[in-house]
Structures are given as structure tokens and as C-alpha cells.
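1. Quick one, what's the 3D model for this:
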Amino acid sequence: MTTTPAAPTTPHPRERVAPHTITVFSDIWCSFAHVALYRLHTTRARLGLESRVRFDHRAFPLELFNNGPSPRPGTDSEVGGVAHIEPDAGWQLWRAPDWKFPSSSLPALEAVQLAKRQGLEVSERLDLALRRAFWAESRSIGARSVVLDVARETPGVDASAIAEGLDDGRARRVVTEDFACAREHQVQCSPHLYLPDGSDHANPGVTARWHGKYGTGFPEVTGNDPTVYEELLRRAAAGVSHREK
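-> Here you go, the predicted model:
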């Protein structure tokens, strides 16, 4: 007897990639995503593609996948093991009091989704600012007040709209839908990129392995090729959709 596979309940990520756009599944407290977004932004600027290619952020909420928050020893070990490949992205070991280490990244992920209602360019700026707030400034991005402070500091962001959306919870559903989509369609990791041509790229240019368990061990970068971002951005800029192939 054969069984019919269950119909998908969420669209495949590639079906939502707009022309001239790179969809990025990631979490803000993921060091590899911090590297990837830094490379996307700096490479796009160097290639002169800032007005041609946009980044569409979607949530890959690690705490929902792992049924718990990211432990401080884990993120500190990532600074030691990952930061050296892109030191200018902004890093430091957690410097604030231990009790201020965020127990969740969901408020930050929600804020980025809310910012998308103001335009992808606005959400790009807020996403990058929140990553720097956590990784480079030891700010507790799980706190509403901190998320809104970062929003107020970020040019072009309507922080009052972010506050309203955080308070009525409208973006929590978006984040959980992204979580469901990532599970259903095997989005592999944070970061995982989807291009208009139908291709997808998990943690582009970087390979790594863990020594020991997360939170007690440490990561080792085993491969690092930042030049792959030039090709990804040029392909996104070409505007070729997989639907046209």
C-alpha cells in the first residue's frame, strides 16, 4: 500500500522570492548570520547594487528549533571561533551583567518583520542595527525597551509603529509561520539564502564544525570564501526568475 504525501501547508521559500531580492532566513543571535549579513551589505555596496538588490528577512528562530534560548557560553564561544573571519562586523564577548543576557530573540525578529511594512530597505537597516546591538554592544535584544531604542536610533525607522506592532502581537504569527515554513521545507540553518533564480545557499562560503556540545564546546571554521557573495549578488541583480526558466 502506498500513501500520498501530505500537502504542504506553507509555500516553499523559493516561491516568495521577488525579482532582484535575496530572501534570508536567519536568527539575530547567530554568529554565522552576523557574518553573512555583513558580507551581503558590504559586498552589495562595493558592487554598486544598493539600489538594485534588496534583502527580504525571514525568521529562523533558533529558540523554537531548540526548545530553549541560546546560552551565553555558546555565543561567547562563537565570538572566539567565528569573529576572526569578519572582525569589522563588530564583536565582543558579552560585557553587560549576566542577568541582562537576552533570554529570547523573538522581539527582535518580530521588530524586523514589522519594519518590512515600512519597506524592505527599512527592515534591512533595523536588522543590521539589532545584530550590531547584540554582537558588538552587548545589548539585550530580548527586551522591548532595547529593541525600541535601537529602532529609534536607526535612520528611517518609524519606532512608534514598531512599538504598536510589538504590543498587539501582530508579528508573532509571521515569525511562527516562518518557523513552520523552515521546518516543512528543510531550511537548513541560519543563514540560508534563496535567490530569484530558484537556487538556495546555506551559510554561503563558510563551513565549520563543533568541538563538543553547544554551550560547552566551541566552533572551528574549516572553510571560508567571502568571494561567493559577489556571485550571489550579481545573480540576484540579473533579475532572472526561476519561473521564467
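2. Excluding residues flanking it in the chain, which one is nearest Glu177?
-> Distance criterion Cβ to Cβ, 6 or more residues apart in numbering; nearest residue to Glu177, sequence neighbours excluded, is Thr10 at 6.7 Å. Every C-beta, even on glycine, is put in place using the N, C-alpha and C of the backbone.
3. So that neighbour belongs to a helix, correct?
-> No. Assignment of Thr10 by DSSP: H, G, I helix; E, B strand; the rest coil gives coil, placing it outside any helix.
4. Could you tell me how many residues sit around it?
-> A count of nearby residues for Thr10, using other Cβ atoms under 10 Å, gives 16.
5. quick one: buried residues of stretch 63-70?
-> Residues of stretch 63-70 classed as buried: 63-64, 69-70 (neighbour count, 16 or more other Cβ atoms under 10 Å).
6. Can you tell me what sits against it?
-> Residues from elsewhere that reach stretch 63-70 (Cβ atoms under 8 Å, 6 or more residues apart in numbering): 29, 62, 102-106, 176, 179, 182-183.
7. hang on, the earlier thing: out of the buried residues of stretch 63-70, name the ones that lie in helices.
-> Among those, the ones falling in helices (DSSP state H) are 63-64.
8. Among the buried residues of stretch 63-70, which one lies nearest to Arg44?
-> Nearest to Arg44 among the buried residues of stretch 63-70, counting by Cβ to Cβ, is Ser70 at 27.6 Å.
9. any idea of the pLDDT on that closest one?
-> Note for Ser70: predicted pLDDT of 87.
10. Repeat that for Thr3.
-> In this model, Thr3 carries a pLDDT of 44.
11. out of the buried residues of stretch 63-70, who's nearest Ala163?
-> Taking Cβ to Cβ as the measure, Ala163 lies nearest Glu63 of the buried residues of stretch 63-70, at 22.3 Å.
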